[in-house]
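> sequence first, predicted coordinates after that:
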Amino acid sequence: MADTRRPVALVTGGSRGIGRAVVNRLAADGFDVAFCYRSRSDAAAKVVAEAGAAGATVLAHRADVSAAPEARAFVAVAEARLGPPSTLVTCAGVVRDRPLVRMSDHDWDEVIRNNLDGTYHVCRAAALALMRHGGGCIITVSSVAAAHGSAGQSNYAASKAGIVGFTTSLSRELGRFGVRSNVVAPGLIGTDMTAELPAAARAAIIDRIPLRRPGSPEEVADLVSFLASDRARYINGQVIGVDGGLIL
Amino acid sequence: MTRPTPTREELRDFFVEELELADEMVAYDSEFAVDLGIDSLTTMELMVQLEKRYGVRLAESEFAELTSVNAVHEFLSARLGAA
């Protein structure tokens, strides 16, 4: 009898921004999706309704992925409820923008713990399941700031550069199990996170984007959708920009 | 479809074949890492294959403990019943 179960995707930071668009897109692509969110239960409930409308089973789980036990619990609950995952997309991230001389140790730690440690914790928790599945992929969300740096975002850029080194290492470790690992590196994307940018700074960035506009979360989700699909079956260990050609 | 508990000989043959080693190189008590020079990822890959083949599930800590044909045989015999 043919296996009619839908593939299962895990998404971190799924209640808002890029994560929300990814949950919606993967649900439309035929995945059942478990996503975690840190604080916004109201936003998470909306995403469950939106993505569920596509016929997917969608599970929202509250978890702070910077804490390893919470990341493990998210993966365990998702697997128990939906079945073994074939795809993991790590979108959870924060910013605490400050020039270095005004940055507190707390600002630094918060960003590294959420963005880099959080990515590690969830990948660590899900890796064995993905290896056993024997196929599928990990997609991490980095940033243009990883390769080029960004004034006022040394903590964020460092965390995102760490994600690149981490993910490309996974591509070498997990490739033999049929698991592909790739990085998506967005530029300026219209989300709650970038809405905090001062208008002048935002305009200055847009001036450096040949396409002359910010990207949308859905445009990032389109790339994630491709990377998660069989069409990307020979793409592994890559960092792929989705930034309108942004010149830093 | 899973298989019945393997004998030590069958397990040794599995490792010889998968690792493409000369038959005489692999003793029942050869340590995969120390004696055969097998890296931890390759060992892990083989353990995942054995999980599927025999329908067992290793705990994370058990991956590190199965370091020889003897150890794997003891583990599978305990889980599946002696061969």
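Great, that's in hand.

> and the least confident helix or strand in chain B by mean pLDDT, which residues are buried?
Of all helical and strand segments in chain B, the minimum by mean pLDDT, DSSP states H and E falls on helix B:60-65, at a mean of 90. Using 16 or more other Cβ atoms under 10 Å in any protein chain shown as the test for burial, helix B:60-65 gives B:Phe63. Bear in mind the C-beta positions are built from the backbone N, C-alpha and C, glycine included.

> same check, this time on stretch A:116-130
A:116-123, A:125-130.

> out of these, which touch chain B?
A:Leu128 (Cβ under 8 Å from any Cβ of the partner chain).

> just the buried residues of stretch A:116-130 now: which is nearest A:Val94?
For the buried residues of stretch A:116-130, the minimum distance to A:Val94 (Cβ to Cβ) is 9.0 Å, reached by A:Gly118.

> with adjacent residues omitted, what lies nearest to the closest one?
Nearest non-adjacent residue to A:Gly118, counting by Cβ to Cβ, 6 or more residues apart in numbering or on different chains: A:Val65, 3.7 Å away.

> residues making contact with stretch B:22-36?
B:8, B:12, B:15-16, B:19, B:21, B:38-40, B:43, B:67-70, B:73 (Cβ atoms under 8 Å, 6 or more residues apart in numbering or on different chains).

> any idea which of the residues you listed has the most stuff around it?
B:Val69 (24 neighbours; other Cβ atoms under 10 Å in any protein chain shown).

> what stretches of chain B score poorly on pLDDT?
Counting by pLDDT under 70, chain B shows low-confidence ranges at B:1-2, B:83.

> and the most centrally placed residue in chain B, what element?
When Cα atoms, centre = their mean is applied to chain B, the residue found nearest the centroid is B:Val72 (4.5 Å). Assigned by DSSP states H and E, B:Val72 belongs to helix B:69-80.

> quick revisit: who touches the least confident helix or strand of chain B?
A:128, B:43-44, B:47, B:71, B:75.

> now pLDDT and secondary structure too, for the buried residues of stretch A:116-130, in TSV please.
Output for the buried residues of stretch A:116-130, formatted as TSV (pLDDT from 0 to 100; DSSP: H, G, I helix; E, B strand; the rest coil):
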residue	pLDDT	secondary structure
A:Leu116	98	helix
A:Asp117	98	helix
A:Gly118	98	helix
A:Thr119	98	helix
A:Tyr120	98	helix
A:His121	98	helix
A:Val122	98	helix
A:Cys123	98	helix
A:Ala125	97	helix
A:Ala126	98	helix
A:Ala127	96	helix
A:Leu128	95	helix
A:Ala129	95	helix
A:Leu130	96	helix
